[in-house]
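Trainee: Show me the folded form of this:
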Amino acid sequence: MRLEVICEDRLGIAEEILSIMVKHGMNLKGIETDVNRNIFLNFRQLEFSELQMLLPEIRRIKGVEDVRTVPFTPSERNTHELNTILKTLPDPVFSLDTRGRIVMVNEAGAIALRSQLDKLEGQSINQFVHGFSFQRWFDDDDVDVRNSKVTMNQRTYLADILPIRVENEETTAGRQVLAGAVLLMKSTDRLGEQVHAYQKQSGDGFERIYGQSQQMKQVLMQARKMAQLDAPLLIQGETGTGKELLARACHEFSFRDGKPFVALNCASLPDSVAESELFGHGENAFEGAGDAQRGVLEIAAGGTVFLDEIGEMSPSLQAKFLRFLQDGTFRRVGEEDEVKVDVRIICATQKDLPEMVQGGNFREDLYYRLNVLCLVVPPLRERKSDILPLAERFIERFCAQNGRPSAMISKSCRDYMMQYPWPGNVRQLENALYRAISLLEGNELTAEDLQLPSYASGSGYYDQPFEGTLEESVKRFESNLLRRLYPSYPSTRQLARKLGVSHTAIANKLREYGINKKTIT
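Mentor: Residues are numbered from 1 along each chain as shown. Predicted coordinates for the structure are as follows:
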């Protein structure tokens, strides 16, 4: 039986209550208080007649406002709630003391170990979980949160190891001491299920595209509107800007979501293969063809076809593709019957299609068919406000994958990332940070950790680290240029006229660099 005594916070009131319990021969199982200073009593079950005598006596104590029976004490309620939470969690959870012994485990943990709860309590966690040194972690001077890939019962888990700290009155005020740890474990299967569920239920593929800059906000706003339309969509942007990611987001945000999204890179296939990949082929349509095969357009029926690097499509394929865009029909390679499919076409390119049209390298009528709706993804160097937030998101993800605390970015590294032109755009930033985090020794990322090649806009990458002074570099360039031109312009006046300088200046340069008919063969 449990009683709650609602009373004021008065010195000696608990003693008076206990004296009444002793008088009636009540053997207490427990006594405790809650945040309101009310007193809870836990003792054997009483007969109604006994309870009628006990309650009035307690109520007559000075400061007692009321006495009532309750189903459980605060500690029992907390224990019950904790056990309920642990029982409903599908992932193994362990509570450990500072020696790495199991204090508490939920049912999922016991099931994973094929054991019983009471048999696991007091056992060393090292018997069951391998791949992490718990004792070394407990003995560390600065115990912090850890993420580690571990194995338990021959299964792989991602473990969160969280320290438990409590106040210690014997130490300096506010100082906490380590009391143990909580071990949360999630299997790789569960992680995959949760990621898949998140992606499936988000309902908006644009959530995976980060953009806080005004340029990207504008692109994403336009993309959401264009995703609802069914006309062809052309996405333009440099390599690594995320054109395919944007195309997938448009598909997932459209009424075609749930239908196939099939991508084909026009630059990755030779002309002889690209046609059959796109339109399919009949049985024995060409040597080695074998059975009839559906092409990308048929596979994606009802969904979306994404054609990357559309500027690389051959002229003959452009003509056949144009016909499909006009009436939605085509013929498989080697067949005469027409096939009609309903798909949406999204194309992407990093080339200047209007310039290709003027140069005769891309059909003008096809360009206007594709360019009904157009999105231009800005390069990373034009949306600098996205660089550091993107970097922090990548770092957080890669640190989690590597089971290590999130790394910090030094100020010099931040400045360097903001100044670097990122010719490979978001993909280059992602790859550079993945390599850096994978090899990082400490907990702070520096510019040197990124290992980015030197790059100058308009000039490209430098193959080797630059050495020497500007004057030395200019002389090397002059010397190489004059050595290449001298055989075609073997007199100082001819060479001077070609380069637009005086013949005296050329004569002095040739003499300085030792360039003459004898040294140039």
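
Trainee: What strand or helix carries residue 274?
Mentor: With elements taken from DSSP states H and E, the one containing residue 274 is helix 271-279.

Trainee: now that helix: how far from the chain's centre is it?
Mentor: Centre-to-centre, helix 271-279 and its host chain are 35 Å apart (CA atoms, centre = their mean, to the nearest Å).

Trainee: can you check stretch 224-236 too?
Mentor: Distance, stretch centre to chain centre, for stretch 224-236: 26 Å (CA atoms, centre = their mean).

Trainee: any idea of the mean pLDDT in it?
Mentor: Mean per-residue pLDDT for stretch 224-236: 92.

Trainee: can you pull the buried residues of it?
Mentor: 226-227, 232-236 (16 or more other CB atoms under 10 Å). C-beta here means a position set from N, CA and C on the backbone, and glycine is covered the same way.

Trainee: Now for those residues: which two are most distant?
Mentor: The most widely separated members of the buried residues of stretch 224-236, counting by CB to CB, are 227 and 236 (16.6 Å).

Trainee: How about the secondary structure of the nearest residue to residue 95 once chain neighbours are set aside?
Mentor: Distances taken as CB to CB, 6 or more residues apart in numbering put residue 104 closest to residue 95, at 4.0 Å, once the chain neighbours are dropped. With DSSP: H, G, I helix; E, B strand; the rest coil as the basis, the three-state label of residue 104 is strand.

Trainee: check which helix or strand covers the residue most central in space within the chain.
Mentor: Centroid-nearest residue in the chain, with CA atoms, centre = their mean: residue 397, separated by 4.5 Å. Using DSSP H and E, residue 397 falls within helix 387-401.

Trainee: repeat for residue 180
Mentor: Using DSSP H and E, residue 180 falls in strand 176-187.

Trainee: go on, residue 437?
Mentor: Going by DSSP H and E, residue 437 is part of helix 425-439.

Trainee: What residues sit buried inside that helix?
Mentor: 425-430, 432-434, 436-437.

Trainee: so that helix versus helix 387-401, what angle?
Mentor: On the basis of axes from the mean of the first three to the mean of the last three CA atoms, to 10 degrees, helix 425-439 is oriented at 40 degrees to helix 387-401.

Trainee: Return the member of the buried residues of helix 425-439 nearest to residue 145.
Mentor: Among the buried residues of helix 425-439, residue 437 lies closest to residue 145 (CB to CB), at 17.2 Å.

Trainee: Let me know the pLDDT of the closest one.
Mentor: What the model reports as pLDDT for residue 437 is 91.

Trainee: In this structure it contacts residue 397, no?
Mentor: No - Residue 437 lies out of contact with residue 397 (CB atoms under 8 Å); the separation is 9.1 Å.

Trainee: in the helix or strand harbouring residue 119, what counts as buried?
Mentor: Using DSSP H and E, the element containing residue 119 is helix 117-120. Residues of helix 117-120 classed as buried by neighbour count (16+ other CB under 10 Å): residue 120.

Trainee: Tell me which other helices or strands it touches.
Mentor: Packing partners of helix 117-120 (3 or more CB pairs under 8 Å, 6 or more residues apart in numbering; DSSP states H and E): strand 102-105, helix 107-112.

Trainee: Report the mean per-residue pLDDT for that helix.
Mentor: Taken as a whole, helix 117-120 carries a mean pLDDT of 87.

Trainee: And stretch 78-94, by the same measure?
Mentor: The model assigns stretch 78-94 a mean pLDDT of 79.

Trainee: buried stuff in that stretch?
Mentor: 86, 91-94.

Trainee: would you turn the residues you listed into a markdown table with secondary structure and distance to residue 485?
Mentor: Converted to a markdown table, these look like this (DSSP: H, G, I helix; E, B strand; the rest coil; distance: CB to CB, whole Å):
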| residue | secondary structure | distance to residue 485 |
| --- | --- | --- |
| 86 | helix | 82 |
| 91 | coil | 73 |
| 92 | coil | 75 |
| 93 | strand | 77 |
| 94 | strand | 77 |
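
Trainee: Which of those residues lies at the shortest distance from residue 221?
Mentor: Set against residue 221, the nearest of those by CB to CB is residue 91 (38.9 Å).

Trainee: That closest one and residue 155: what is the separation?
Mentor: Counting by CB to CB, to the nearest Å, the gap from residue 91 to residue 155 is 12 Å.

Trainee: And residue 17, by the same measure?
Mentor: Using CB to CB, residue 17 is found at 53 Å from residue 155.

Trainee: more neighbours, the two?
Mentor: Using other CB atoms under 10 Å, the more surrounded residue of residue 17 and residue 155 is residue 17, with 20 against 12.

Trainee: how much distance is there from the helix or strand hosting the more buried one to the middle of the chain?
Mentor: Using DSSP H and E, residue 17 sits in helix 13-23. Relative to the mean C-alpha coordinate of its chain, helix 13-23 is positioned 61 Å out (CA atoms, centre = their mean).

Trainee: residue ranges with poor pLDDT in this structure?
Mentor: Counting by pLDDT under 70, the chain shows low-confidence ranges at 168-175, 193-204, 284-289, 455-468, 521.

Trainee: Now the common contact residues for residue 91 and residue 155.
Mentor: Listed as contacting both residue 91 and residue 155 by CB atoms under 8 Å, 6 or more residues apart in numbering are residue 187.

Trainee: Which phi and psi values does the nearest residue to residue 256 once chain neighbours are set aside adopt?
Mentor: Nearest residue to residue 256 in three dimensions, chain neighbours excluded: residue 303, at 5.2 Å (CB to CB, 6+ apart). The phi/psi pair for residue 303 (degrees, to the nearest 10) reads phi -110, psi -140.

Trainee: which residues sit in contact with residue 303?
Mentor: Shown in contact with residue 303 (CB under 8 Å, 6+ apart): 251, 256, 259-262, 343-344.

Trainee: Buried ones among those?
Mentor: 251, 256, 259, 261-262, 343-344.

Trainee: so which of those residues comes closest to residue 58?
Mentor: The nearest one, if we look at these relative to residue 58 and count by CB to CB, is residue 251, at 71.0 Å.

Trainee: sec struct for that closest one, please.
Mentor: At residue 251 the chain is in helix, as set by three-state DSSP.

Trainee: Quick check, it in contact with residue 261.
Mentor: Yes - counting by CB under 8 Å, residue 251 touches residue 261, with 4.7 Å between them.
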